[in-house]
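In: sharing a model prediction with you, sequence too.
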Amino acid sequence: MDIKRVGNGILIKYKNRKYAIDRVSKNTGADIFLVSHAHADHLPPGRGLKVIASEETVSLARTRGYKYFRLDIDKYRDIETYPSGHIIGSIAFMIEGKILYTGDVNVNDRLFLNGFRPPQADILIIEATYGDPKYRFGRFNKLIDLLLRRVSREILSGNNVILQAHPLGKPQLLTKIFDWYKHTYVTPNVYRYNIVSVNHNYLEDPGKVFNEEIEQPFILISGKGNKYIDNIISKHNNTKILTLSGWMVRYPERGLPVSDHSDYSELLQIVDKVSPREIYTIYGFKEKLATYLNKEGYNAKPI
Ligand SMILES: [Zn+2]
């Protein structure tokens, strides 16, 4: 068996088969491509590439210009999938009942997303985006309570609120969380993913796109960068911005650590439940997480 990092993805050789996981280029001689979810840094290039992925991932990838052909998972008895709770359609893979790849992962149930329930495995490949003890987010429901309170307070004071996050992931949850307010809007890039979420029955309503005719005070669920937001603020100076991201642990004045990833303690919980003989950490704080796990008596190494 051989597990190695190739580009932003992983190549696994096991029992005469070569599995390419996530963003691996086409010319690595892989027999099969597995795609965990539709964030760009996980999508392999290649038009018409045949992949094992969820229907949602294939639809979302299509909106980003990746045209995959989805293979029938039932025909591959060596591969099992589990919801990984990260974004809609995200899945973890088990190869030959032995090697578990989490992909980006979140253990919390969040509205229409089921949190990851880790199965046991011999070998674990786990993401380490927040694999540093500094990153502990607190309970998800508590963070949402705080978010609702902060946003309501601003709206009642007549201020607009911009909620800033990566367009695919949290904004779909936020669209549902704030659908009770009549002046909630989304940016066009969020709307695009909301439409896919409606098509797959996660959302009933994709929301309204932010334009010139908006009514105030508004809530804008934004997947856009600072330039776009600065432009809105120059027209509506009574606007507050809240950034939603795990990184906000370090910048509490700028937002809340609402994340699509597991925090440090949740990553440790996953490792505990999988109870693997060997661990490979990947992405983010992969060295820190591996060092800690080795201290705890596991056999971990970053890739
Ligand atoms: Zn992701």
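Out: Thanks, I have the structure now.
In: center of the chain - which residue?
Out: Nearest to the mean C-alpha position of the chain, by CA atoms, centre = their mean, lies residue 86 at 4.0 Å.
In: please name the residues that touch the residue lying closest to it once chain neighbours are set aside.
Out: Using CB to CB, 6 or more residues apart in numbering and skipping the chain neighbours, the partner closest in space to residue 86 is residue 104 (4.2 Å). All C-beta atoms are positioned from the backbone trio N, CA, C, and that covers glycine. Applying CB atoms under 8 Å, 6 or more residues apart in numbering to residue 104 gives the contacts 36-37, 39, 42, 84, 86-87, 90, 127, 129, 260-261, 283.
In: make it 10 Å
Out: The neighbours of residue 104, taking CB atoms under 10 Å, 6 or more residues apart in numbering as the test, are 22, 36-37, 39, 41-42, 84-87, 90, 92, 116, 127, 129, 169, 260-262, 283-284.
In: select only the buried ones of those residues in ChimeraX?
Out: To isolate the buried ones among the contacts of residue 104 in ChimeraX, judged by 16 or more other CB atoms under 10 Å, type:
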select :22,36,37,39,42,84,85,86,87,90,92,116,127,129,169,260,261,262,283,284
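In: now do the closest residue in space to residue 69 that isn't next to it in sequence, the pLDDT please.
Out: Distances taken as CB to CB, 6+ apart place residue 50 nearest to residue 69, at 4.8 Å, with adjacent residues excluded. pLDDT, residue 50: 95.
In: next up, phi/psi of residue 50, please.
Out: phi -90, psi 120 (degrees, to the nearest 10).
In: could I get the contacting residues of the nearest residue to residue 17 once chain neighbours are set aside?
Out: Once flanking residues are discounted, residue 17 sits nearest to residue 31: 5.2 Å by CB to CB, 6+ apart. If a contact means CB under 10 Å, 6+ apart, then residue 31 has 13, 16-20 as its contacts.
In: list the buried residues in stretch 162-181.
Out: Neighbour count says stretch 162-181 has 162-165, 167-178 buried, by 16+ other CB under 10 Å.
In: just these: which are in helices?
Out: 170-177 (DSSP state H).
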